[in-house]
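Enquirer: after the sequence you'll find the predicted model.
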Amino acid sequence: TKNPQHGRTAYHFQPAKNWQNDPNGPMYHNGMYHLFYQYNPHGPTWDAGKLSWGHSVSGDLVNWAALDNALDPTSPFDANGCWSGSATVLPGGRPAILYTGIDADRVQVQNVAFASNPSDPLLRDWHKPSCNPVIGIPADVTGNNFRDPTEPWRGSDGLWRVAVAAEVEGKGTLLVYRSADFLRWERNPGPPLHASSPAVPVLECPDLFPISMAAAAEQEGLDALMAAGGSSSGGVTHVLKLTDFAKEDHYMVGRYDELAGDTFAPAEPERGDDPGRWRRLDHGHLYASKSFFDARKKRRVLWAWVDENDGAAEAKGWAGIQAFPRAMWLDGDGKGLVQWPVEEIETLRRKRDSGFGPEGTEVGAGGKVEIGAGIQSSQADVEVVFEIPSLEEAETLDDLEWALDDPQRLCAEKGAFVHGGVGPFGLLVLASGGLQEHTAVFFRVFRHQGKYKVLMCTDLTRSSTKAGVNKPCYGAFLDVDVEKDRSISLRTLIDHTVVESFGNGGRTCMTARVYPEHAAKGRSRTYVFNHGAGAVKVSKLEAWELAAAAVNGAGGGGGSV
Ligand code: DQQ
């Protein structure tokens, strides 16, 4: 029997039922946040030919009301699916969508749709003009891979630009098109915005956006339109985010140059043109992200699809959530992005329980302390800072050279219960009383050629006793000078089947889906643990129970707040 409640989340975005994947066309317009998303209204699995654009609105990015689908596959130019794309507001205030249609011959083309009534605060109705498709598939595009238009931006010449992912000669390429009227688009005859090595035939859901270089302090975002005149200059640089086919999201900071023919020069050319070697947006399970400029709070906000890992869509009648929206800004090094849950999450905070005194607590070697015993910890926001009194005992990586390129395997080999020198220490979340089930989010400090390297892991191997669940280990090295700082911060959002972690102030993110079985029968627990040889001090700890948000009229996870 179907159990639509099973595994549902309490404050992550999901439709009331059925399948969802990529976030599409997020925007803030007339006081309202809009999120569109890839949606199969007919069932809980991805069905290429049936995808619509689901549509929800929110006043605060936390509580959402579901509206009718914005786009359904009803026209010759999208009869086999309305795939991903972007939204923008045209001068004069008319919102427009550019999206990929799978046409009646199953060819990928780009279409436009306009809000029928721009003064409707909910933008309920969308009109597809009959001149669609506005961009047909070019002759040199192979593999029928031509999709996912970025949010359009306007150059100093007044022309609109959009980048579309295309397979050209077997290479994942971004083609730029220009238009004066948003209806007739012409391909830039010059070199593409990006061409990957042939290893990546198609790059999905590209995202190109300006970002303030002063933002490290101010955390301020920039509108694509504000970059009119376009190019990186002064205090503005750009970020190009690419989704490598069926794998993960990567990004590179760089110089976008309109006057040099719409080109992008990476800030870290040494990483090469294969985005698989660029910086990773999230080291866990997250895909097809898309950001937008939130004019209300002057920040850039990231949405991203987080797929299921339990192969149980049919039984549940639904699949797919969105990561909690994240504010995103440039790190002080000018190369990395910092991501942090939008502050509105705090409106859900109900009860706080740290269990620790104000001066913090020492967790000795082999120690394990329960935290948040007084809150419902399957729906929580936990922030913790670990202080490391001594690095003396750090294990060496010198004989494990492979590990530098494979932090994920290092996490798998040196799990939360493999005792170490400095660490592993961290959190056990969604844990059953006897720890038969738990998800471990933890750190381990290594010494490598006289320097220190900090590993962050999310280990799912014991997250669920259920059969058929994919339970990997995620891992990454933090960009931190632990010798100087002597402390490591972690924030983890827990939401029934989600463990979304922000290490080192949001510089390293790791999202996981887990399916604990104990939660249906009893309480989930959270522990701070330390399986290192020396003590660590927990100098800050906040564990907040979060209320269920109103999400698309569906009952929140467990619904038991
Ligand atoms: N999902 C969409 C495509 C996109 C892919 C189809 C990425 O437009 O390339 O549902 O997940």
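Expert: Okay, I see it.

Enquirer: now do the SS call for Glu344.
Expert: helix (DSSP: H, G, I helix; E, B strand; the rest coil).

Enquirer: so who does it touch?
Expert: Neighbouring residues of Glu344 by CB atoms under 8 Å, 6 or more residues apart in numbering: Asp60, Leu61, Val62. Backbone N, C-alpha and C define where each C-beta goes, glycine included.

Enquirer: then Thr9 would be within a helix, right?
Expert: No. Assigned with three-state DSSP, Thr9 falls outside any helix and is coil.

Enquirer: the strands in the stretch 401-550 of the chain, which residues?
Expert: 422-431, 439-448, 451-459, 473-477, 487-495, 498-503, 508-513, 525-530, 536-546 (DSSP state E, counting those that start in this stretch).

Enquirer: got the domain ranges for the chain?
Expert: 18-341, 349-546 (automatic domain parsing).

Enquirer: distance from the chain centre to the shortest one, please.
Expert: On the basis of CA atoms, centre = their mean, to the nearest Å, domain 349-546 is displaced by 20 Å from the centre of the chain it belongs to.

Enquirer: that one spans what distance, first to last residue?
Expert: 5 Å (CA to CA, to the nearest Å).

Enquirer: and for stretch 323-337?
Expert: Rule used - CA to CA; the end-to-end distance of stretch 323-337 is 16 Å.

Enquirer: what's the biggest helix in the protein, counting residues?
Expert: helix 407-413 (DSSP state H).

Enquirer: quick one: list the elements packing against it.
Expert: strand 451-459, strand 473-477 (3 or more CB pairs under 8 Å, 6 or more residues apart in numbering; DSSP states H and E).

Enquirer: stretch 272-292: end-to-end distance?
Expert: Taking CA to CA, the first and last residues of stretch 272-292 lie 27 Å apart.

Enquirer: swap in stretch 264-275?
Expert: 14 Å.

Enquirer: and it, how far out from the chain middle?
Expert: 21 Å.

Enquirer: swap in stretch 161-169?
Expert: Remark: stretch 161-169 is offset 22 Å from the chain centroid, using CA atoms, centre = their mean.

Enquirer: please see if that stretch touches the ligand.
Expert: No. Contact between stretch 161-169 and the ligand is absent, the nearest approach being 7.2 Å (criterion: CB under 6 Å from any ligand atom).

Enquirer: please write out the alpha-carbon positions of that stretch in CSV.
Expert: Presented in CSV, the C-alpha positions along stretch 161-169 are these (Å, rounded to 0.1, in the frame of the first residue of the first chain):
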residue,chain,number,x,y,z
ARG,A,161,22.2,36.8,-24.2
VAL,A,162,21.5,33.3,-23.2
ALA,A,163,23.8,30.3,-22.9
VAL,A,164,22.5,26.9,-23.9
ALA,A,165,24.2,23.5,-23.2
ALA,A,166,24.9,21.6,-26.4
GLU,A,167,27.0,18.6,-27.5
VAL,A,168,29.2,19.9,-30.3
GLU,A,169,31.6,17.4,-31.9
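
Enquirer: hey, what's the nearest residue to Leu67 once chain neighbours are set aside bridged with?
Expert: With sequence-adjacent residues excluded and distances taken as CB to CB, 6 or more residues apart in numbering, Leu67 is closest to His55, at 4.6 Å. Beta-bridge pairing for His55 (DSSP bridges): Phe36, Leu67.

Enquirer: residues near His55, how many?
Expert: Residues within reach of His55, counting by other CB atoms under 10 Å, total 24.

Enquirer: now render the strands of the stretch 401-550 of the chain as JSON lines, adding mean neighbour count, distance to the ligand and mean pLDDT.
Expert: What follows is the strands of the stretch 401-550 of the chain, written out as JSON lines (neighbours: other CB atoms under 10 Å; distance: least, CB to the nearest ligand atom, whole Å; pLDDT from 0 to 100):
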{"stretch": "strand 422-431", "mean neighbour count": "27", "distance to the ligand": "27", "mean pLDDT": "98"}
{"stretch": "strand 439-448", "mean neighbour count": "24", "distance to the ligand": "25", "mean pLDDT": "98"}
{"stretch": "strand 451-459", "mean neighbour count": "23", "distance to the ligand": "22", "mean pLDDT": "97"}
{"stretch": "strand 473-477", "mean neighbour count": "22", "distance to the ligand": "20", "mean pLDDT": "98"}
{"stretch": "strand 487-495", "mean neighbour count": "23", "distance to the ligand": "22", "mean pLDDT": "98"}
{"stretch": "strand 498-503", "mean neighbour count": "26", "distance to the ligand": "19", "mean pLDDT": "98"}
{"stretch": "strand 508-513", "mean neighbour count": "26", "distance to the ligand": "15", "mean pLDDT": "98"}
{"stretch": "strand 525-530", "mean neighbour count": "24", "distance to the ligand": "32", "mean pLDDT": "96"}
{"stretch": "strand 536-546", "mean neighbour count": "21", "distance to the ligand": "28", "mean pLDDT": "94"}
